[in-house]
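Q: test case, fold it:
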Amino acid sequence: MVTTYKPGLMTLSTLKFKIDGCRYQVKKIDQILKRYRETKIPIEKFDLLNYSDSGGVYPMIDKWLDIALKNGVKEVKYTGFESWKLPREQRYPFPIVTVLATTKSLRELVLQCCNLESVTLCTSHDKGIKNCDSLRKLLLTDVYLDNTDKICYITCVLTLLHSWNSSQEKEEEDQSVY
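A: Numbers count the residues shown, from 1 in each chain. Purely as a prediction, here's the structure:
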């Protein structure tokens, strides 16, 4: 389901799209996000429900995520096709390394029913993930990970929490000086 907006309403900061395999939907979403990219309209929340069982939409999803990130998105939620219907190798390979390494504004990342097995987060710390100070919430539900990455994600989350706690303590110290 895609809702189109009049030009005056293109400043909505919450974008929610549902893909169920219809080419028209994909084209319409692409048109809407193209306008956001061209006019650099800030995006507060980007919520994508992908109920298509076709991997053909994955390059478009990557493109849309990139637009949202470049427009300063603060919250991203991706929900994929129901797990029991789609084998893990056919699930969307969410580009979490790219997302975490390229954003400075992302505060919340919620992923459901996607595949992160092809991502090696342990070797990705050099790509800037450890510098993703803005992230406050990372929620993974029904996401495929391999054993090495499970350990790395726990490490990443603990690093993010430590970073967040350190920044909170610094703010409290700064406030107590006055």
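Q: for the rest of this, base every contact and every neighbour count on C-alpha atoms.
A: Noted.
Q: pretty sure residue 46 sits in a strand.
A: Yes. The assignment for residue 46 (DSSP: H, G, I helix; E, B strand; the rest coil) places it in a strand.
Q: that one - how many residues pack around it?
A: Using other CA atoms under 10 Å, the number of residues around residue 46 comes to 21.
Q: pLDDT value on it, please?
A: Here the pLDDT value assigned to residue 46 is 96.
Q: right, and it touches residue 73 too?
A: Yes. With contacts counted by CA atoms under 8 Å, residue 46 reaches residue 73, the gap being 7.0 Å.
Q: low-confidence ranges in this structure?
A: 1-12, 82-85, 118-132, 146-178 (pLDDT under 70).
Q: what about residue 56, how many residues nearby?
A: Residues near residue 56, counting by other CA under 10 Å, number 10.
Q: now do the SS call for it.
A: helix.
Q: try residue 78
A: strand.
Q: now do residue 86
A: coil.
Q: and the closest residue to it other than its chain neighbours, what does it touch?
A: Among residues not flanking residue 86 along the chain, residue 53 sits closest, at 7.1 Å (CA to CA, 6 or more residues apart in numbering). By CA atoms under 8 Å, 6 or more residues apart in numbering, the residues touching residue 53 are 20, 21, 81, 86.
Q: out of those residues, grab the one that's most surrounded.
A: Going by other CA under 10 Å, residue 81 tops the contacts of residue 53 with 22 neighbours.
Q: wait, that residue sits on residue 113?
A: Yes. Using CA under 8 Å, residue 81 is in contact with residue 113, at 6.4 Å.
Q: in the protein, mark out all the strands, start to finish.
A: Taking DSSP state E as the test, the strands found in the chain are 14-19, 45-50, 75-79, 108-112, 137-141.
Q: closest one to residue 35 among these?
A: Smallest distance to residue 35 across those (CA to CA): 12.7 Å, for strand 14-19.
Q: who does that closest one touch, helix- and strand-wise?
A: helix 23-39, strand 45-50 (3 or more CA pairs under 8 Å, 6 or more residues apart in numbering; DSSP states H and E).
Q: how big is the angle separating the first one from strand 14-19?
A: Calculated by axes from the mean of the first three to the mean of the last three CA atoms, to 10 degrees, helix 23-39 forms an angle of 150 degrees with strand 14-19.
Q: same check, this time on the shortest one
A: Counting by the same axes, to 10 degrees, strand 45-50 lies at 10 degrees to strand 14-19.
Q: so what touches strand 45-50?
A: By CA under 8 Å, 6+ apart, the surrounding residues in contact with strand 45-50 are 13-20, 68, 73-81.
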